[in-house]
Each structure stands twice: as C-alpha cells, then as structure tokens.
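S.K.: below is the sequence, then the predicted model.
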Amino acid sequence: MEDWSPTSWTTKPIKQDVTYDDPEAVKAALEKLKKLPPLVTPQEIVNLKKCLRNVALGKAFVLQGGDCAELFDYCNQDKIEAKVKLLLQMSLVLIWGANKPVVRIARIAGQFAKPRSSPTETVDGVTMLSFRGDNINGFAATPESRRPDPSRLVSAYFHSAATLNYLRAALSSGIADLHSPLDWGLGHVITPSIKQKYERIVNRVTDSLRFMRTVGLDRDRGVHTVDIYTSHEGLSLEYEQCFTRLMRHPPDALSESEESRFSSSSSSTARHRRASSTSSPPPRGYYDTSAHFLWIGDRTRQVNGAHVEFFRGLSNPIGIKIGPTMTAEELVQLLDTVNPSKEIGKVTLITRYGASKIAQHLPGHIAAVQKSGHLPVWQCDPMHGNTQSTPSGIKTRHFSDIMSELKQALEIHRAMGSFLGGMHLELTGEAVTECVGGAGGLTEEGLSERYETFCDPRLNEKQALELAFLVAGFYREELEEPTDI
Ligand code: PEP
Ligand code: CO
C-alpha cells in the first residue's frame, strides 16, 4: 500500500476533530507516545483476527461490551473485575446456548475518546466546549476544564496500560477458571429467575468438568483461563498513529494442515484456543498496537474522510458502525476501500439502526454485502439507535427496544441465510440504573438512583445477563433442544 502511511489521514477532511491551542505541547505529547511500548502485540492481534474469521464463517460468536466512555477513574480493581466477571458470565451463557466458542472483546483500556453531536454546550448560561472524553478534556462544566489538554493523551496511555496490566494479571491468576464460575458472583440485586437459570448452566458445566477431570482431560489451558481482547473507537487519530507500527516479519506461516485441522474440528473451546493461538509470526504490515480491535464510529465513516484513510492501512481486525443513514452502495464502497482483498472476518459491521428502523435497513445491507463477495462479521449494537430522553431530560434506553432490535437482527440474518456473529453492548458490572425495563422492572422514576454514566446509558449486570439468555435461547431453539432451563 504505497500511498498510505500512519499520517496520510492528515491530508483528508476530518470530522470530530479536536483543536488544541498549544501545538508545541501536542508535538511533545506525540513524541512521548511514539517512544512508549505497544499495549498489545501484533501476534495477539493476529490471533483475534483468526477468531473473527471463524465468527464470520459461523463457527464462533463474538461478545463485545463495556462502557460508553471509560474514565481514568475506572482504572480501579473492583471496576475492572466487575466488568470481566460479567463478560465471563455472559459468555458462559452464550457458549451453552450457541454451542460455539465465544470471542470476548471488551471496550476497555482505551475507550476514552467520544464523538459528540454538538461541539459546544451551554451550562447555566455559560457556553463551553462539550466533554470529548477523558483523553481530551475534563468533564467538569467550566470552560477551563473543557479546554483540550494534550497531556491527557499521555495520561490515557498510562491508564490504559495499568488497566490492561491488571486485566492480564487477573486472567493469568485464574479469575476466568471454569472450575469456579459461581465465584464470579452474581450481584445481590439479580432476579431469582435469572439466578436460577445461571446456576443451572453452571451446574452442568461443573458436572462436565468433573467428568473431564476424572478421565484426565481437563489439563487444557482453555479450561483454566480465557482470552479477553481490548477495543476502542479509533477516534483520536493523533493518538492512534503513534501506536501504529510496522511489523517486518515474513508472512504468516500458519500451515495448511493446521488450518484444515481447525476447519474440520468440532466447536469445542479447547480446540479453538489451540488453533487460534498458533505462534507463527504475524504477517508484515502496520498494526495499531493501542488495542487489538478498533472501530470507526457512525459519525466518522465517510469513504473519503480521514478515519477511513487511517483504518484502510491497518492490519488489525476493524469495526465499522452502521446507522440508518448508510446506503447499500456506500457500504460496499467502504468495504472495498478498507478490505480490497476481501479477507474473511477482517471487518466487523456493527449495525445500530434502532428497533423501529432495523427491518427497513438491515435486509438491504445484507443483500448488498452478499452480492459484493465480502464476508464480514455481522454484529448487532442494539444500544446506539435506541437512545432517548425522558420528559425530565435524562438520557436512557428502554430494555424492550434493545431486546427487540437484537431479536429482529437474529431473525433477519437467519431469514437471509446470513449469520449474526455477535453483539456489541454498553454495559457495566455495577448495579447502575441507566436503562429502563428488564426483569428488574426499572422505571423512569428509578433512573436517578444510580445514574453514573458520563456518556450513554449502560445495561447493568442483570439486564446484560438477560440479553445473553435471549441470544442463547434463540440458538438453543435452532439446535432443536428443548429450552428446559
Ligand atoms: C459508541 O459506540 O459509543 C458510539 C458513539 O457509537 P456510534 O458511533 O454508533 O454512535
Ligand atoms: Co455510546
């Protein structure tokens, strides 16, 4: 790709740009970032890419979730553990339901930068810049705090590094050990029916593991730990370019026999892991080592814009958010631009139309992509098209809308011979009250109890698990097994 470099995006028109008033300080921050070690390695990125290829082929499911806007303050043991445990619980339910390996990607360790619908806001009569994320400016509503501060870019790196360090340490110390899924803890506010369903799945897993241990088959790493990949929106291109580094190794040597062993293998998580963690060197190319997976937001996905220019040069698996304003032609043009070789699973299309609009847009998008010969991962984000405000001005989402968009996505893909490979959620492991509805019956009046988000409303633990059960139930039906739990 001769006409591309990590900085070629600067020649293109950019949306959601940040204007700093001290260019020297920006330069100093970027110089510092360029010298710091990568947060993730190309080998890990390639491993995720292989997993996502299998998702695109219908052999695995991807669960992606985390905060809308991560804050530096979330770099904290309890918050990280709560999020990890929730993702583990949800993936256990999904593995049981879909009978497929689940690829876990967290919106964590770098999900700071936020696109905003308006560059400014007026608080108590004072007009100031909008909050753009902890890596750009402060949340406090004063013009001074809202001034973009380039030293926050460096701070973002160190908070990401500390978060990731603890995530890796917790995983390697056995937080994800399948022998103890009950220790992952269900919050005290969980509804009895969800708790019961979850415990029944755990009992089945425990029985199977006991049997495997008896016959000596539980020594695989997959039983004792799992991979959790990191992701964020690649919005702040100044930051991303600093971590985009050339990998010079020879082409990937994954042997044919290894490939075919995997393709013909059963869907057991253990085999999946073995095949996906092959240690052949990653192919030559530019890897954005700030996270394993990056996505382009719905507001910055213009085919001739800076973000698409930057993303088209990356070897990482990438996501593109797709809202109702996307046309089928534009979608195919975008895929041709970021993935001209039509690599399977390289691109994840993250659809977020809204419950009342999905039926109007998704079928046309699926048909156009099928005709184009691209095979992306289709992922449903049932959050961003369903945001609304209560009469008193609180931003919320109705659980029934979220559930409805997800259910329609499952059905539309099935009807069109396509495959919904995953879901993309804004969630937190804490018992927040930000989305209305769900089995807990949260009402609009109850929202103020624990409304803590700094951006979009997130699902709490119990609402997130309920969604996992919905998807699991859908696949159980497909397997024609009675849903007896
Ligand atoms: C997000 O994922 O937080 C987001 C801003 O999404 P979108 O680009 O789909 O609006
Ligand atoms: Co959001």
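M.R.: Received it, and whenever you're ready, just let me know what you need. Ligands and ions are numbered 1, 2, ... in the order given.
S.K.: C-alpha only now, for contacts and for neighbours.
M.R.: OK.
S.K.: name the nearest residue to the closest residue to ligand 2 within the stretch 301-450 of the chain, ignoring sequence neighbours.
M.R.: Residue nearest to ligand 2 within the stretch 301-450 of the chain: residue 384 (6.2 Å; Cα to the ion). Leaving aside its sequence neighbours, residue 384 sits nearest to residue 352 (Cα to Cα, 6 or more residues apart in numbering; 5.8 Å).
S.K.: OK, contacts around the one you found?
M.R.: Neighbour list for residue 352: 321, 322, 323, 324, 358, 380, 381, 382, 383, 384, 385 [criterion: Cα atoms under 8 Å, 6 or more residues apart in numbering].
S.K.: which of those are close to ligand 1?
M.R.: 321, 384 (Cα under 6 Å from any ligand atom).
S.K.: secondary structure, neighbour count and pLDDT added to the contacts of residue 352, as CSV?
M.R.: Below are those laid out as CSV (DSSP: H, G, I helix; E, B strand; the rest coil; neighbours: other Cα atoms under 10 Å; pLDDT from 0 to 100):
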residue, secondary structure, neighbour count, pLDDT
321, strand, 23, 98
322, strand, 25, 98
323, coil, 22, 98
324, coil, 16, 98
358, helix, 22, 98
380, strand, 27, 98
381, coil, 28, 98
382, coil, 29, 98
383, coil, 30, 98
384, coil, 22, 98
385, coil, 22, 98
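S.K.: re the thing from before, and the residue nearest to residue 384, its phi and psi?
M.R.: Dihedral angles of residue 352 (phi, psi; degrees, to the nearest 10) stand at phi -150, psi 70.
S.K.: the protein against ligand 2: which residues are in contact?
M.R.: Contact residues (Cα under 5 Å from the ion) of the chain with ligand 2: 68, 456.
S.K.: residues near the residue of the chain found nearest ligand 2, how many?
M.R.: Taking Cα to the ion, ligand 2 has its nearest neighbour within the chain at residue 68, 4.1 Å off. Residue 68 has 25 neighbouring residues, counting by other Cα atoms under 10 Å.
S.K.: ok, now how distant is it from ligand 1?
M.R.: According to Cα to the nearest ligand atom, to the nearest Å, residue 68 stands 5 Å off from ligand 1.
S.K.: got the phi and psi for that residue?
M.R.: phi -70, psi -60.
S.K.: tell me the pLDDT of it.
M.R.: With respect to pLDDT, residue 68 has a value of 97.
S.K.: ok, residue 93 next?
M.R.: On the pLDDT scale, residue 93 gets 88.
S.K.: tell me who's in contact with it.
M.R.: Residue 93 touches 198, 201, 468, 469, 472, counting by Cα under 8 Å, 6+ apart.
S.K.: just the ones of those residues in helices?
M.R.: The helices, defined by DSSP state H, take in 198, 201, 468, 469, 472 from the contacts of residue 93.
S.K.: which residues touch the fourth one?
M.R.: When the contact criterion is Cα under 8 Å, 6+ apart, the partners of residue 469 are 93, 94, 97.
S.K.: turn those into TSV, including secondary structure.
M.R.: Converted to TSV, the contacts of residue 469 look like this (DSSP: H, G, I helix; E, B strand; the rest coil):
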residue	secondary structure
93	helix
94	helix
97	helix
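S.K.: show me the shaky parts of the stretch 101-250 of the chain.
M.R.: Applying pLDDT under 70 to the stretch 101-250 of the chain picks out residues 177-190, 210-225, 249-250.
S.K.: quick one, strands of it?
M.R.: 102-107, 120-123, 126-129, 228-233, 244-247 (DSSP state E, counting those that start in this stretch).
S.K.: and ligand 1, is the fourth one touching that?
M.R.: The reference is to strand 228-233. No. Against ligand 1, strand 228-233 shows no contacts by Cα under 6 Å from any ligand atom, the least distance being 7.0 Å.
S.K.: tell me how far that strand lies from the chain's centre.
M.R.: 6 Å (Cα atoms, centre = their mean, to the nearest Å).
S.K.: again, but for the third one
M.R.: Relative to its parent chain, strand 126-129 has a centroid offset of 32 Å by Cα atoms, centre = their mean.
S.K.: give the other helices and strands that that strand contacts.
M.R.: Applying 3 or more Cα pairs under 8 Å, 6 or more residues apart in numbering; DSSP states H and E, we find strand 126-129 packed against strand 120-123.
S.K.: give me the residues contacting the strand it packs on.
M.R.: By Cα under 8 Å, 6+ apart, strand 120-123 touches 127, 128, 129, 130, 141.
S.K.: for it, the distance to its chain's centre please.
M.R.: Counting by Cα atoms, centre = their mean, strand 120-123 comes out at 30 Å from the chain centroid.
S.K.: helices of the stretch 1-150 of the chain, residue ranges please.
M.R.: Using DSSP state H, counting those that start in this stretch, the helices of the stretch 1-150 of the chain run over 23-35, 42-56, 77-98.
S.K.: most packed of those helices?
M.R.: helix 42-56 (a mean of 24; mean count of other Cα atoms under 10 Å).
S.K.: could you check the angle it makes with strand 228-233?
M.R.: 90 degrees (axes from the mean of the first three to the mean of the last three Cα atoms, to 10 degrees).
S.K.: mind giving me the packing neighbours of helix 42-56?
M.R.: So helix 42-56, by 3+ Cα pairs under 8 Å, 6+ apart, packs with strand 61-66, helix 269-276, strand 377-380, strand 420-426.
S.K.: in the protein, which residue is most central in space?
M.R.: residue 64 (3.5 Å; Cα atoms, centre = their mean).
S.K.: just list whatever residues bridge to it.
M.R.: Under DSSP bridges, the beta-bridge partners of residue 64 are residue 105, residue 424.
S.K.: that one touches residue 107, doesn't it?
M.R.: Yes. In this structure, residue 64 is within contact of residue 107 by Cα atoms under 8 Å, at 7.0 Å.
S.K.: could you export stretch 300-317 as CSV, CA atoms only?
M.R.: The C-alpha coordinates for stretch 300-317 follow below in CSV (Å, rounded to 0.1, in the frame of the first residue of the first chain):
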residue,chain,number,x,y,z
THR,A,300,-16.7,9.4,11.1
ARG,A,301,-17.1,6.7,8.5
GLN,A,302,-17.1,8.9,5.3
VAL,A,303,-15.4,7.0,2.5
ASN,A,304,-13.2,9.9,1.6
GLY,A,305,-12.6,11.0,5.2
ALA,A,306,-9.6,10.9,7.5
HIS,A,307,-10.7,8.0,9.6
VAL,A,308,-11.4,5.6,6.7
GLU,A,309,-8.0,6.6,5.3
PHE,A,310,-6.3,5.8,8.5
PHE,A,311,-8.1,2.5,9.0
ARG,A,312,-7.5,1.2,5.5
GLY,A,313,-3.8,0.8,6.2
LEU,A,314,-4.2,-1.2,9.4
SER,A,315,-3.6,-5.0,9.7
ASN,A,316,-5.9,-5.2,12.8
PRO,A,317,-9.4,-6.5,12.5
